[in-house]
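J.: Fold the stuff below for me.
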Amino acid sequence: MLNHGSTFLWQDQIRILVLFGVLFAGQGFAQIDPLAPSPPPPATSSSTSPSSGGSSGPISGMEFVTIPSGSFQMGSPSSESGRDSDENLHWVSVQSFELMSTEVTQWMWEEVMGSNPSYNSGDNWPVENVAWKQCQTFISRLNNLDPSHTYRLPSEAEWEYACRAGTTTRFYWGNSDSESVINRYCWYAGNSYSSTNEVGLLEPNSWGLYDIIGNVIEFCEDTYTSDYSNCPADGHAYSGKDSQHVGRGGGWSRNASGCRSAYREPFSPFDALGVLGFRLARS
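T.: Down below sits the predicted model:
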């Protein structure tokens with residue numbers, strides 16, 4: 001039995017009441033979300049370190065990290081605290097690609113789309129209240145601005161591989177979810193003050209990715225499936241019959257177990273919530 005719903009907090013519903021004057025109750029998974037902190041051992045993987053430095057995108061502030069190729073065990077062991085039943089361990093090989101060092105910000109979104117849908121306004125804060133379908137429109141326009149590259153959402157395998165950065169622990173910093181540790185790395189229910197926060201303020205993982213855990217849940221390209229058995233082993237996105245898409249990384253309204261490296265959530269391609277955002281991959 002999945003326990004995704006257990007990570008939603010009552011403060012989310014209170015936030016809806018304050019901002020809208022309407023309390024949506026009993027509407028199901030998507031609607032109860034409101035608008036809406038010693039390095040671990042190395043993984044058993046063929047990965048190498050990412051290249052030093054990075055390259056820029058066509059919009060000011062877009063910086064990309066080159067993620068090295070490698071193989072890793074995706075998912076979580078049955079002994080992992082807080083795990084869900086859709087996290088079965090399996091080997092995946094990932095080819096080298098580029099990933100943005102931060103989540104897409106409101107400044108970047110507005111430069112491309114001409115407006116800002118976010119509830120918590122700030123140029124250097126992650127854009128949120130965007131649906132998977134809207135992210136695809138943003139990406140299409142960005143590709144027109146920079147035809148020398150192909151921008152896209154990362155596959156779910158690419159996302160977890162980059163998040164782990166060679167680790168096999170619950171989080172990329174280790175197994176501890178004590179406040180003194182987790183507060184250094186991610187904005188989650190225990191330190192976010194029920195809001196997104198400016199990108200890049202907390203410590204990145206060892207591959208230079210900021211907020212890869214927490215702040216906003218990040219869309220992946222994949223169709224959601226509770227069973228990894230049919231998913232590609234080469235790191236490509238899974239495309240199945242389900243209409244929902246995968247969200248990764250937890251977010252400001254999730255508790256610690258909802259911010260684990262293996263944690264997954266399904267969302268409709270039309271869900272636009274204050275805890276949903278994205279990060280760009282580039283080929």
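J.: The helix or strand where residue 91 lies: how far from the chain's middle?
T.: Element membership for residue 91 (DSSP states H and E) is strand 90-94. Centroid separation for strand 90-94 versus its chain: 19 Å, with CA atoms, centre = their mean, to the nearest Å.
J.: what residues does it touch?
T.: For strand 90-94, the external contacting residues (CB atoms under 8 Å, 6 or more residues apart in numbering) are 67, 69-75, 157-158, 161, 228-229, 231-235. Where you see a C-beta, it was placed from the backbone N, CA and C, and this is true even at glycine.
J.: Would you check how far apart residue 87 and residue 264 are?
T.: Separation of residue 87 from residue 264 (CB to CB, to the nearest Å): 7 Å.
J.: for the spatially closest residue to residue 89 that is not a sequence neighbour, what are its contacts?
T.: Closest residue to residue 89 apart from its sequence neighbours, by CB to CB, 6 or more residues apart in numbering: residue 75 at 4.3 Å. When contacts are counted by CB under 8 Å, 6+ apart, residue 75 touches 87, 88, 89, 90, 228, 262.
J.: ok, of these, which one's closest to residue 216?
T.: residue 262 (18.2 Å; CB to CB).
J.: I'd say residue 223 and residue 232 touch.
T.: No - look at residue 223 against residue 232 with CB atoms under 8 Å: they stay out of range, at 11.7 Å.
J.: which neighbours do the two share?
T.: residue 238.
J.: quick revisit: ok, the residue nearest to residue 89 to residue 136 distance?
T.: For residue 75, the distance to residue 136 - CB to CB - is 26 Å.
J.: In the stretch 1-150 of the chain, where is pLDDT below threshold?
T.: Of all residues in the stretch 1-150 of the chain, those with pLDDT under 70 make up the ranges 1-54.
J.: All the strands of it, in order from the start?
T.: Secondary structure of the stretch 1-150 of the chain (DSSP state E, counting those that start in this stretch): strands at 55-56, 63-67, 70-74, 90-94, 97-100.
J.: now the angle from the fourth one to strand 63-67?
T.: In other words, strand 90-94. 120 degrees (axes from the mean of the first three to the mean of the last three CA atoms, to 10 degrees).
J.: Strand 90-94 pairs with which strands, and in what direction?
T.: strand 70-74 (antiparallel) (DSSP bridges).
J.: buried ones in the strand holding residue 91?
T.: By neighbour count on 16 or more other CB atoms under 10 Å, the buried set for strand 90-94 is 92, 93, 94.
J.: how close does the nearest residue to residue 265 once chain neighbours are set aside sit to residue 135?
T.: For residue 265, ignoring the flanking residues on the chain, the nearest one in space by CB to CB, 6+ apart is residue 247 at 4.3 Å. Separation of residue 247 from residue 135 (CB to CB): 11 Å.
J.: Between those two, which is the more surrounded one?
T.: residue 247 (28 against 24; other CB atoms under 10 Å).
J.: Quick one: neighbours of residue 239, just the number.
T.: Applying other CB under 10 Å, we find 12 residues neighbouring residue 239.
J.: how about it, secondary structure?
T.: Under the three-state scheme (DSSP: H, G, I helix; E, B strand; the rest coil), residue 239 adopts coil.
J.: I'd like the distance between it and residue 225.
T.: Residue 239 is 10 Å from residue 225, where distance means CB to CB.
J.: part of a strand, is residue 247?
T.: Yes - the assignment for residue 247 is a strand, going by three-state DSSP.
J.: I'd say it and residue 222 touch.
T.: No - Residue 247 is beyond contact range of residue 222, at 10.1 Å (criterion: CB under 8 Å).
J.: so residue 211 makes contact with residue 124?
T.: No - Residue 211 lies out of contact with residue 124 (CB under 8 Å); the separation is 11.4 Å.
J.: Those two: which is more packed in?
T.: Remark: of residue 211 and residue 124, residue 211 carries more neighbours, 28 against 15, as counted by other CB under 10 Å.
J.: could you list every residue that touches the more buried one?
T.: Applying CB under 8 Å, 6+ apart, we find residue 211 in contact with 102, 103, 126, 186, 187, 199, 200, 202, 249.
J.: swap in residue 60?
T.: Contacts of residue 60 by CB under 8 Å, 6+ apart are 107, 108, 111.
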